[in-house]
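Engineer: Build me a model:
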Amino acid sequence: MELKTIKKSVMKKSILALTALSMFTLAAILQPTKVNAQDNSKTTMLAESKDAKSAFSKADKEMENLFKNSYGYVIFPNIGKGALGVGGAGGNGTVYEKGIAVGKAKMVQVTVGLQAGGEAYREVIFFENKAAFDRFKENKLEFSGQVSAVAAKEGASANAKYRDGVLVFTQERGGLMLEASVGGQKFSYTAF
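Structural biologist: I've put the predicted structure just below:
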């Protein structure tokens, strides 16, 4: 066999393997099974959100001020993301108004572009005022393009600014993602 033919064969097998891995990851995110599904019971969701809130506050002690002073917030304790060219992400969270849990939320994201891999992360979205919070509750909040989010780390919240009444922080949980993509997050809200 020619060296060129061998290289093409190896390249094809690598692409097929990455595609298969990506599709498996994407299917697991978009069609969760009992083995890896986030438990949607209210008690479990509240506990996971409380743990995520603690993790965010531990990463940046000043973030506690945002939790206390924002009109509302939503915490997604575990968002899974996977891609190879086309990608997807999803997760469930708890919605808080003036510090009180009032409902649950679902986030779905589809992306297209140069991307490969999988990762898990947490996300918290703060709402500066009632108008921004109401847009979320009415399922009218959608991030077009990649989310403009701040990585949760010490001091990050001190200089973060609301944009259209919304401020987003993320915190990596694990995985590896190479990404230069265009997509968006869409949310749905359901009251408890």
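Engineer: burial of residue 77, as a residue count?
Structural biologist: 26 (other CB atoms under 10 Å). The way it works is simple: take the backbone N, C-alpha and C, and place the C-beta from them, glycine included.
Engineer: So what's the residue count around residue 118?
Structural biologist: With other CB under 10 Å as criterion, residue 118 counts 22.
Engineer: beta partners of it?
Structural biologist: Note on residue 118: beta-bridge partners by DSSP bridges are residue 82, residue 176.
Engineer: Touching, it and residue 84? I think so.
Structural biologist: No: Residue 118 is not in contact with residue 84 according to CB atoms under 8 Å; the separation is 9.4 Å.
Engineer: And the helices in this structure?
Structural biologist: Secondary structure of the chain (DSSP state H): helices at 3-30, 42-59, 63-69, 130-137, 156-159.
Engineer: Tell me where this structure is predicted with low confidence.
Structural biologist: 1, 3-40, 144-156, 158, 175-183 (pLDDT under 70).
Engineer: got the contact list for the nearest residue to residue 73 once chain neighbours are set aside?
Structural biologist: Distances taken as CB to CB, 6 or more residues apart in numbering place residue 126 nearest to residue 73, at 4.8 Å, with adjacent residues excluded. Contacts for residue 126 (CB atoms under 8 Å, 6 or more residues apart in numbering) come out as 66-67, 70, 72-73, 162, 166-169.
Engineer: ok, so what distance separates residue 126 from residue 114?
Structural biologist: Here the criterion is CB to CB, to the nearest Å. By it, residue 126 lies 30 Å from residue 114.
Engineer: Could you do residue 143 as well?
Structural biologist: For residue 143 relative to residue 114 (CB to CB), the value is 19 Å.
Engineer: neighbour-wise, which of those two wins?
Structural biologist: Using other CB under 10 Å as the criterion, residue 143 and residue 114 rank with residue 143 on top: 18 against 11.
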